[in-house]
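Asker: could you work out the structure for the sequence below:
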Amino acid sequence: MPNTNLLKLIQNSFIGQQTQYPLVDGSIGPRRYFDSAASTLMMRPAFEVAQNFLEHYSSTHSELHFSARGANQAYDWAHQRVLDFVSAKSDIYSCYFVGSGATAGFNRIASELATLRPERGVVIASEMEHHSNDLPHRKYATEIFHLPLIGEGANCGGIDIDVAKESIKKYGSRINYLAITAASNVTGVITPIHELAQLAHSVGAYIIVDASQMIAHAPISMQSELLLEADIDVLIFSGHKIYAPGSPGAVIARNSLLKQTSPSEVGGGMVKNVYLEHFTPSDVLPEREEAGTPNIVGAITLACALDVLLQIGMQSIREKEQYLIDLAWTKLSEIDGVNLYGPDPDQLPRTGTIAFNIKGFDHGLTAAALNDYHNIQVRNGCFCAHPYVREMLKRELWELNLDPDTPDIEAKLERKRGMARASLGIYNNEEDILALCHAIADLASRQTEILSLYQPQGKSGYRHREFLPDQKTLFDPVKALEQSLQQLSG
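Answerer: Okay, here's the model as predicted:
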């Protein structure tokens, strides 16, 4: 049963929710954080458990003193919590942790599968993949084919299953695997991963799923209850996308697949025996996949966040977010001068990510003005998904009708070649959505005034001409360290 009381409690338990920043009008107030697709805030209970663990801290790989024994038990528990969260049976799947979030996982899997099946040189991805689930496959595969998306221009998004069928049939036994996002980090469009898994398996290919933008927003399972031969082979996500900044990335993969591959990273902890002439990797999973001293603190933080979400129930979280998505889309659609990107939520299901532009504003200006005037924090740019963003913007860029001989034309295009993105976390509520929509409407109605007050900075940044708070008054690590040392001295 969903725990609605815990959901209400946890929504207000994130570190940094009430952090105060100055505004143009001289006031100071708490931020509204809409940048969760990049990185979520830290769940306080998970952080506090990790702090408690530090009182007992020791590395793993030993059982002979109490602290090491506790570290091993906690680290094993973290692996199991990840498996539980994605309904992965431990006799079929293993979880292992990697550095640099999901990116490290994709690089390792791409390298290992290319080595395992060199005769299958083709990888199929989609046009809306994040660079982390695109570039590693380009590096290691012989050929990569990007599935085209449903719709054109601003409405582009979602995978056409019929086109996927045709493409998979065309490449057939040449396909090593499909690399597909579960949800777009630009528009939040959700992908039918189990249908694609079934298609991949029909030609002996694997499926690798990027769950980074899905994992915190809706239930996701390695196993399909409705389709035959449609279970996921590999699923990868970043802990910092699910309320555990500083945690490692997580890879969940079939045991049968891992046992066929040779670990791409070697070092301490993953070997059975080492001699001067040779070494023997461990045959124990996930030990053989985790060379070196692990990020135990980060893994515990991640596992605690997952445990809390399991107690709440991901379907409850999905329903709450769906209401906010629909509210935001409806309200923003009513604002004159605002462009929204991706299919309407009524056409394709989405997670809580909405990309938009204010007509007449560069994406960098929109993000800067929302921050300076309304304390609303959104991201801007192409979000490490350049092909997808440029496809949705091509009509707008064409309509600019810029003369190729215009001075600095490429720099001017770069300022136009992007969007603002508001992305939700469990901590966002209806009040936040209404504040976001009000702020966007306010900027759209003051276009001439806002344009006159900002000047370009760098490739796509903007700074207010008069409102120039010192960065050190916002956060200064040197000052923070000095204050901590002063507290130690009394």
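
Asker: where does the protein have its least confident helix or strand?
Answerer: The least trusted helix or strand in the chain, going by mean pLDDT, DSSP states H and E, turns out to be helix 409-416, with a mean of 73.

Asker: so after the helix or strand harbouring Lys272, what's the next helix or strand?
Answerer: Using DSSP states H and E, Lys272 sits in strand 271-274. Going down the chain from strand 271-274, the next helix or strand is strand 279-281, by DSSP H and E.

Asker: give the other helices and strands that that next one contacts.
Answerer: The contact analysis (3 or more C-beta pairs under 8 Å, 6 or more residues apart in numbering; DSSP states H and E) places strand 279-281 against strand 271-274. To be clear about C-beta, it is placed using only N, CA and C from the backbone, and glycine gets the same treatment.

Asker: now the strand it packs on: mean pLDDT?
Answerer: Strand 271-274 shows a mean pLDDT of 93.

Asker: parallel or antiparallel, which strands does it pair with?
Answerer: strand 279-281 (antiparallel) (DSSP bridges).

Asker: per-domain residue ranges of the chain.
Answerer: Using automatic domain parsing, the domains assigned to the chain come out as 4-42+312-473, 47-311.

Asker: now render the ones you listed as TSV, adding mean neighbour count and distance to Glu482.
Answerer: Output for the domains of the chain, formatted as TSV (neighbours: other C-beta atoms under 10 Å; distance: least, C-beta to C-beta, whole Å):
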stretch	mean neighbour count	distance to Glu482
domain 4-42+312-473	17	12
domain 47-311	19	22
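
Asker: mind checking which of those is nearest Leu488?
Answerer: Closest to Leu488 of the domains of the chain, according to C-beta to C-beta: domain 47-311, at 16.8 Å.

Asker: ends of the closest one, how far apart?
Answerer: End-to-end distance for domain 47-311: 17 Å, by C-alpha to C-alpha, to the nearest Å.

Asker: ok, now stretch 454-474?
Answerer: Length of stretch 454-474, first residue to last, C-alpha to C-alpha: 20 Å.

Asker: mind checking the pLDDT average for it?
Answerer: Stretch 454-474 carries an average pLDDT of 87.

Asker: put together CSV for the domains of the chain, with distance to Leu485 on each row.
Answerer: As requested, the domains of the chain are exported to CSV (distance: least, C-beta to C-beta, whole Å):
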stretch, distance to Leu485
domain 4-42+312-473, 17
domain 47-311, 19
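
Asker: rank those domains by mean pLDDT and give me the bottom one.
Answerer: When I compare the domains of the chain, domain 4-42+312-473 is least confident, with a mean of 92.

Asker: Asn380 touches Ala367, doesn't it?
Answerer: Yes. With contact defined as C-beta atoms under 8 Å, Asn380 reaches Ala367; the gap is 3.9 Å.

Asker: shared neighbours of these two, anything?
Answerer: Jointly contacting Asn380 and Ala367 under the rule C-beta atoms under 8 Å, 6 or more residues apart in numbering are Ala420.

Asker: surely Asn428 meets Ala37?
Answerer: No. Between Asn428 and Ala37 there is no contact under C-beta under 8 Å: 12.0 Å.

Asker: residues in contact with the helix or strand Arg395 falls within: which ones?
Answerer: Using DSSP H and E, Arg395 maps to helix 386-399. Helix 386-399 has contacts (C-beta under 8 Å, 6+ apart) with 127-129, 131, 146, 149, 153-157, 184, 186, 339, 341-342, 355, 357, 382-383, 413, 416-419.

Asker: in helices, which of the residues you listed fall?
Answerer: Using DSSP state H, the subset of the contacts of helix 386-399 located in helices is 413, 416.

Asker: okay, helices next: where are they in the stretch 101-250 of the chain?
Answerer: Using DSSP state H, counting those that start in this stretch, the helices of the stretch 101-250 of the chain run over residues 101-116, 135-140, 161-171, 193-201.

Asker: of all the ones you listed, which lies closest to Lys272?
Answerer: helix 101-116 (19.1 Å).

Asker: ok, and what's touching the closest one?
Answerer: Under C-beta under 8 Å, 6+ apart, the answer for helix 101-116 is 98, 121, 123, 132-133, 136-137, 139-141, 176-177, 179, 206, 208, 210, 212, 234, 236-241, 248-251, 253, 260-265.

Asker: tell me which of the residues you listed fall in strands.
Answerer: Taking DSSP state E as the definition of strands, the contacts of helix 101-116 contribute 98, 123, 176-177, 179, 206, 208, 210, 234, 236-238, 249-251, 253.

Asker: out of the residues you listed, which two sit at the greatest distance?
Answerer: Among the ones in strands among the contacts of helix 101-116, Asn176 and Ser238 lie farthest apart (C-beta to C-beta), at 23.5 Å.

Asker: for Glu287, see how far away Ser100 is.
Answerer: 20 Å (C-beta to C-beta, to the nearest Å).

Asker: who touches stretch 436-449?
Answerer: 32, 34, 328, 331-332, 335-338, 356, 358-361, 366, 369-370, 373-374, 376, 422, 450.
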